[in-house]
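K.L.:
I'll drop the sequence and a predicted model, then ask my questions.
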Amino acid sequence: MPVEKNISLKPYNTFGIDVKAKYLLNIDSTENLREALTDDYLKHQDRLILGGGSNILFTRDVDGLVLLNRISGIEIVRQDDQRVWVRAGAGETWHDLVMWSIEQGLGGMENLSLIPGSVGAGPMQNIGAYGVELKDSFYELEALQLDTMDIRKFSAADCKFGYRESVFKHELKNRFFIIHVTFCLSRNPQLNTSYGAIAQELQHMGITVPGVRDVSNAVINIRRSKLPDPKVLGNAGSFFKNPEVDQQVFDQLKAAHPNVVGYPTIPGKVKLAAGWLIEQCGWKGKVVGHTGSHKDQALVLVNYGEATGKEIYELALKIRDSVIEKFGVRIDPEVNVY
Ligand code: EPU
């Protein structure tokens, strides 16, 4: 196994943080993974599994083994008149899979175009955008249990998907290595253009009867106009989750701040736009050392080139404190802080 030693993780995280890993190994098959887990020396190392590195903030070196998930392949495993089941290697790039599904004329993933990261990282936090979440097209996943090396299948219910949540972020954290993910896509998709900006963008594009490709293009245009490209400016998308509060709390906030942005979720609960809260605290576009909150989307923290993870994390804590102070609402990171 070609193990790399004392290597910079800068190319492996979209924040572009320059920390080092003691060991790094590309995993491109289950056999390869089993070999790494049983290796006399490597099996004693602490492990960190990385996909696209698009949802992690490194605040320190990794004193152990980084397993880079590079398991590839996209195949149709079953189909009927209406649906097509597609199984993808967890190391595939998420956007490549979305583009593949659009090439095939299959619907279900178009609203999730251009989300950075890998296929395997998708279910970890139930990625979502523009009114759609991964769980809506998810069928099952296969993962290797790191301590027993058995392969286990997880249905959507087993994954316990929530808003940017799954069992893999909680009780099963660091216990499984996701190998393949299977999606159930549609030949005659019901397009979801309910998210305001999509309908507006389609109109702007002059499209009246959209197909999956049009919705994907609209999403790509919106993302490009609002969200910084990690290849140009290091970032990990939204740093915080949008907090959910009781209706009563929302009503009080609305009385004090009539422009507060919130969306009802389940009865009695309202999800607040964290970007709005952060902007109101004066952070939007503010540069603090080598980091800051992005000028077009306050929820995105960026690395202007030389930031350390600690510096970004300190800024995140300051932002969180100021939101608590002004609104009495706590915002929690969506990004994994290592
Ligand atoms: N807003 C502001 N100021 C800002 C940003 C947002 O006032 O700086 C307000 C605006 O009123 C806007 C509303 O917040 O209408 C919602 O903003 P946006 O549509 O940009 O969505 P978001 O809630 O900030 C979420 C996801 C994004 C996803 C978009 C679109 C979370 C944490 N983030 O952001 O996901 O792309 O919706 O669906 O749920 C990610 O998870 O990394 C991510 C980028």
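P.N.:
All right, it came through fine.

K.L.:
how about the helices in the stretch 201-338 of the chain?
P.N.:
212-226, 247-256, 274-280, 309-327 (DSSP state H, counting those that start in this stretch).

K.L.:
and the strand ranked longest in the chain, what does it pack onto?
P.N.:
When the chain is parsed with DSSP state E, its longest strand is strand 176-186. When contacts are defined as 3 or more CB pairs under 8 Å, 6 or more residues apart in numbering; DSSP states H and E, strand 176-186 sits against helix 30-38, strand 62-69, strand 83-89, helix 121-124, strand 138-145. C-beta: built from backbone N, CA, C; applies to glycine.

K.L.:
what about the helices of the stretch 201-338 of the chain, which gets the closest to the ligand?
P.N.:
helix 274-280 (2.5 Å; CB to the nearest ligand atom).

K.L.:
what does the stretch 101-250 of the chain put close to the ligand?
P.N.:
A129, Y130, K226, L227, G237, S238, K241, N242 (CB under 6 Å from any ligand atom).

K.L.:
returning to that earlier point: deepest-packed of the helices and strands packed on strand 176-186, please.
P.N.:
Ranked by mean neighbour count under mean count of other CB atoms under 10 Å, the helices and strands packed on strand 176-186 are led by helix 121-124, which reaches a mean of 26.

K.L.:
Show me what that one is packed against.
P.N.:
strand 176-186.

K.L.:
from the chain's centre, how far out does the strand it packs on sit?
P.N.:
Offset of strand 176-186 from its chain centre (CA atoms, centre = their mean, to the nearest Å): 15 Å.

K.L.:
one step back: G268 is nearest to which of the helices and strands packed on strand 176-186?
P.N.:
Ranking the helices and strands packed on strand 176-186 by proximity to G268 (CB to CB) places strand 138-145 first, at 27.3 Å.

K.L.:
Tell me which helix or strand comes right after that closest one.
P.N.:
strand 151-155 (DSSP states H and E).

K.L.:
Mind exporting the C-alpha coordinates of that following strand to PDB?
P.N.:
Taking C-alpha atoms only, strand 151-155 is exported to PDB below (Å, rounded to 0.1, in the frame of the first residue of the first chain):
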ATOM      1  CA  ILE A 151     -20.500  -4.800   5.200                       C
ATOM      2  CA  ARG A 152     -23.900  -3.500   6.300                       C
ATOM      3  CA  LYS A 153     -26.700  -2.000   4.300                       C
ATOM      4  CA  PHE A 154     -28.600   1.100   5.600                       C
ATOM      5  CA  SER A 155     -32.100   2.100   4.400                       C
END
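
K.L.:
how distant is it from the center of its chain?
P.N.:
The answer for strand 151-155 is 21 Å, by CA atoms, centre = their mean.
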